[in-house]
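**Student:** Provide a 3D model corresponding to the input given below.
(chains A and B)
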Protein chains: 2
Amino acid sequence: MGAPNPALLSLNTATTKKQWGLAQAIEGCARHGIRGISPWRDQIGQMGLAAAAKAVRVHGLTVTGVCRGGMFPAPDAAGRKAAIEENLRAIEEAHALGAQCLVLVVGGLPPGSRDLAGAREQVKDGIAAILPQARAAGVPLAIEPLHPMYAADRACINTLAQALDVAESLGEGVGVAVDVYHVWWDPQLDAQIARAGRGGRLFAYHICDWLVPTRDLLNDRGMMGDGVIDLARIRSRIEGAGYAGFHEVEIFSELDWWRREPDEVLAACRERHARCS
Amino acid sequence: MGAPNPALLSLNTATTKKQWGLAQAIEGCARHGIRGISPWRDQIGQMGLAAAAKAVRVHGLTVTGVCRGGMFPAPDAAGRKAAIEENLRAIEEAHALGAQCLVLVVGGLPPGSRDLAGAREQVKDGIAAILPQARAAGVPLAIEPLHPMYAADRACINTLAQALDVAESLGEGVGVAVDVYHVWWDPQLDAQIARAGRGGRLFAYHICDWLVPTRDLLNDRGMMGDGVIDLARIRSRIEGAGYAGFHEVEIFSELDWWRREPDEVLAACRERHARCS
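**Tutor:** Residues are numbered from 1 along each chain as shown, chains lettered A, B, ... in the order given. Sure thing, here's the model as predicted:
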């Protein structure tokens, strides 16, 4: 297989969140010839939704996702209702930005709870509750299965198979975001990517790398090529499953990339995307 | 369901490895009424195999496992052969100690490799290579699926389903060690525990807890009750699958339990086993 199409590179703004706000990230993408961007909601809020929508339009960027909805489980009904309302606002923002999807980091155990199965039910109920508005707004919901090390505190959906079970049970408008960092280890990876493709549920593809050693559970992701994930192989499966969308670089890196000049980071994203993905 | 039988508590010596050698751990177990022990091979080596075997016999302890065999993948044939020879020595030690199983932490990617599927094949080949000697020695081989966060550097078998696929393909004498720390998040957990039980492949059960937050990928496990794992629920599934063996406490804890008085640690193991497992 050949190198990836550089026109399919997208920047998830978490990658430069310590250096840049959203306006700077949009301008940075334009400057570096990066044609996609995926903003986080805190940055959208800081820039202002209308200004953000205008800036991406002016620069002709594709909004490959909005990060993030989700975080459904809560200790009580009021908490669950508040989460659903927050997700409805996220859908509005994703719609206003013309985003290709709203990424769902579904949430973990409610504080004090050990009921993982219950949290998973709450997630399913939460997505079902927001799905009508998402469909009406034309915003696909992309469940992002998170690595099992985040099951307690970030997302109790931890494999592609599990995410697809939920998506298929809810019907149209729900799919998955495949982030290599979360799923590269999964013995079922190839089969589940194929399943997602068959069902038309491959909504987003996120890349970075798994470092050895990994020094922090959350903020020690690597740039493509610096770790052990066979990115070209996974991309071939993704493309083989019919996905022709963007490749979104999302790197949380307290010790390395968040400390660098952001223009250097974007240049590295381009170079590594071409050479190591 | 009732509280666990205190006679089924076992101490994995990793739990006190910073404070005690094996001789002290054996005496500690005897002193605290802990009837099972699972020693690590470095500690067996330091004490001497004959002395260790004699001490566990004198105190009437059950050796619920030897930690550990495995680490099969290597960059070349010489490395793989050396790993197999090391595993054969581990089988001899487990036999000499009358251990209920040899725990296999199968190994991750060879240095410089991104070929996860290849590493998994090497693991299967390695277990197949040592299986005749294990059967001859009467030492069951317990594949321990490790948490996916260790896929790169410690074990490329990361779910119970995957471990059972390997075990079933190899036939008699190969099963699994279920460690709650590694598998608690798995959406397939209940089904796979039942499958292991049906096949007579539930060889060991390890307990501890998952802390929130987890501050270190390797050495921040919690004592039962201090984290989010529903231990009583998992035990009910394990027992429901026909397992009547020991509950082995294995806690790596740089910041907490390795800094405490070891007699305090063993007392906590007993109390938490009874109250929170």
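
**Student:** for the stretch 1-150 of chain A, what are the low-confidence residue spans?
**Tutor:** Within the stretch 1-150 of chain A, the ranges that satisfy pLDDT under 70 run A:1.

**Student:** Which parts of it are helices?
**Tutor:** A:22-32, A:41-47, A:49-58, A:77-96, A:116-137 (DSSP state H, counting those that start in this stretch).

**Student:** what's the residue nearest the centre of chain A in contact with, if anything?
**Tutor:** In chain A, the centroid-proximal residue (C-alpha atoms, centre = their mean) is residue A:103; its distance is 5.2 Å. Residue A:103 makes contacts with A:38, A:65-70, A:142, A:144, A:177, A:204, as judged by C-beta atoms under 8 Å, 6 or more residues apart in numbering or on different chains. In this view, the C-beta of every residue, glycine as well, is placed from N, C-alpha and C.

**Student:** Max pairwise distance over these: which two?
**Tutor:** A:38 and A:70 (14.7 Å; C-beta to C-beta).

**Student:** Among these two, which residue is more densely surrounded?
**Tutor:** Between residue A:38 and residue A:70, counting by other C-beta atoms under 10 Å in any protein chain shown, residue A:38 is the more crowded of the two (31 against 27).

**Student:** wait, that one sits on residue A:11?
**Tutor:** Yes - Residue A:38 lies in contact with residue A:11 (C-beta atoms under 8 Å); the separation is 7.1 Å.

**Student:** tell me, what's touching the two both at once?
**Tutor:** residue A:248.

**Student:** Within range of chain B, give me the residues from chain A.
**Tutor:** A:109, A:113-116, A:120, A:147-149, A:151-153, A:156, A:158-159, A:161-162, A:184-187, A:210, A:212-214, A:217, A:227-230, A:233 (C-beta under 8 Å from any C-beta of the partner chain).

**Student:** Just these: which are in helices?
**Tutor:** Among those, the members falling in helices (DSSP state H) are A:116, A:120, A:161-162, A:233.

**Student:** In ChimeraX, select just the buried ones from those.
**Tutor:** In ChimeraX, this line selects whichever of these come out buried by 16 or more other C-beta atoms under 10 Å in any protein chain shown:
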select /A:116,120,161,162,233
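
**Student:** And the ones in helices among the residues of chain A next to chain B, which is closest to residue A:245?
**Tutor:** Of those, the one sitting nearest to residue A:245 (C-beta to C-beta) turns out to be residue A:233, at 18.3 Å.

**Student:** leaving aside the residues next to it on the chain, what's closest to the closest one?
**Tutor:** residue B:114 (8.0 Å; C-beta to C-beta, 6 or more residues apart in numbering or on different chains).

**Student:** shouldn't the one you found be in contact with residue A:225?
**Tutor:** No - taking contacts as C-beta under 8 Å, residue B:114 lies outside contact range of residue A:225: 10.3 Å.

**Student:** out of the two, which sits in the busier spot?
**Tutor:** residue B:114 (19 against 15).

**Student:** Please, where are all the strands along chain A?
**Tutor:** A:9-12, A:36-38, A:62-63, A:66-70, A:102-105, A:141-143, A:174-179, A:202-207, A:247-249 (DSSP state E).

**Student:** For the fifth one, list every residue counted as buried.
**Tutor:** The reference is to strand A:102-105. So, applying 16+ other C-beta under 10 Å, buried residues of strand A:102-105: A:102-105.

**Student:** which one of those sits closest to chain B?
**Tutor:** residue A:105 (15.3 Å; C-beta to the nearest C-beta).

**Student:** Sort out which residues of stretch A:67-87 are buried, please.
**Tutor:** For stretch A:67-87, by 16+ other C-beta under 10 Å, it's A:67-74, A:79-80, A:83-84, A:87.

**Student:** do the same with stretch A:197-206
**Tutor:** A:197, A:201-206.

**Student:** Kindly report the same for stretch A:17-33.
**Tutor:** Under 16+ other C-beta under 10 Å, the buried positions of stretch A:17-33 are A:17, A:19-20, A:22, A:24-26, A:28-30, A:32.

**Student:** With stretch A:237-255 instead?
**Tutor:** A:237-239, A:241, A:243, A:245-253.

**Student:** which one of those is nearest chain B?
**Tutor:** Distances from chain B to the buried residues of stretch A:237-255, taken by C-beta to the nearest C-beta, are shortest for residue A:237, at 11.9 Å.

**Student:** For the closest one, which non-adjacent residue is closest in space?
**Tutor:** residue A:193 (4.8 Å).

**Student:** Please verify my assumption that the one you found contacts residue A:238.
**Tutor:** Yes - here residue A:193 reaches residue A:238: they are 6.0 Å apart, a contact under C-beta under 8 Å.

**Student:** Mutual contacts of the two, please.
**Tutor:** A:178, A:202.

**Student:** and residue A:105, what does it touch?
**Tutor:** Contacts of residue A:105 (C-beta under 8 Å, 6+ apart): A:67-71, A:144, A:146, A:154-155.

**Student:** Try it again at 7 Å.
**Tutor:** A:68, A:70-71, A:144, A:146, A:154-155 (C-beta atoms under 7 Å, 6 or more residues apart in numbering or on different chains).

**Student:** and the gap between the closest residue to it other than its chain neighbours and residue A:21?
**Tutor:** Closest residue to residue A:105 apart from its sequence neighbours, by C-beta to C-beta, 6+ apart: residue A:70 at 4.3 Å. Separation of residue A:70 from residue A:21 (C-beta to C-beta, to the nearest Å): 23 Å.

**Student:** Not counting stretch A:117-124 itself, show me its contacts.
**Tutor:** So stretch A:117-124 is in contact with A:72-73, A:80, A:106-110, A:113, A:156-157, A:166, going by C-beta under 7 Å, 6+ apart.

**Student:** No more questions from me, cheers.
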